[in-house]
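1. sequence first, predicted coordinates after that:
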Amino acid sequence: MASIASIAQVCKSKNAGPFFFTIDVVFEKKEMFERVRSTNVLNAQLFADLYKVDLADVQFTIYPAALAFKATVPRRIPAGEIGDSDVYGAQQHAPLLAVDIPINDLN
């Protein structure tokens with residue numbers, strides 16, 4: 001097993017307007033991207049579970065040309081509202097970093 005944090009070149013989040021945030025997971029090498037894609041671990045259901053939202057509310061896209069996965073998820077609290085702890089959506093990727101991908105060899 002390998003965590004997203006240990007195999008992705010980039011894993012980041014950002015606002016997608018005041019009511020959504022977007023998470024990008026990008027890989028440096030096509031071989032690693034394809035290995036991760038073949039596991040089907042990164043999918044809309046994973047993001048729905050991690051962020052406790054309805055599956056129908058998750059927009060999930062795989063971008064092979066960019067070696068990337070992208071998910072857009074509704075925010076529980078709109079950006080800037082009372083109780084919002086991350087107005088820019090810049091730390092929302094943190095739960096994803098510990099997700100394990102069932103691959104053995106990291107080379």
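-> Thanks, I have the structure now.
2. point out where the protein drops to low pLDDT.
-> Low-confidence segments of the chain, defined by pLDDT under 70, are located at 105-107.
3. what ranges does it have for its helices?
-> Ranges of helices within the chain are 4-7, 30-39, 44-51, 94-97, based on DSSP state H.
4. centre-most residue in the chain?
-> Centrality entry for the chain: nearest residue to the mean C-alpha point is Ile23, 4.3 Å, by Cα atoms, centre = their mean.
5. which parts of the protein are strands?
-> For the chain, the strands defined by DSSP state E occupy 2-3, 10-15, 20-26, 59-63, 68-74, 100-101.
6. same list (those) but as a markdown table, adding distance to Ile82.
-> The C-beta positions use only the backbone N, C-alpha and C, and glycine is treated the same way. Below are the strands of the chain laid out as a markdown table (distance: least, Cβ to Cβ, whole Å):
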| stretch | distance to Ile82 |
| --- | --- |
| strand 2-3 | 34 |
| strand 10-15 | 17 |
| strand 20-26 | 18 |
| strand 59-63 | 27 |
| strand 68-74 | 18 |
| strand 100-101 | 35 |
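7. okay, the closest residue to Leu42 other than its chain neighbours and Gly83: tell me how far apart.
-> Closest residue to Leu42 apart from its sequence neighbours, by Cβ to Cβ, 6 or more residues apart in numbering: Phe69 at 4.8 Å. Separation of Phe69 from Gly83 (Cβ to Cβ, to the nearest Å): 29 Å.
8. quick one, which of the two is more surrounded?
-> Applying other Cβ atoms under 10 Å to Phe69 and Gly83 shows that Phe69 carries more neighbours, namely 27 against 7.
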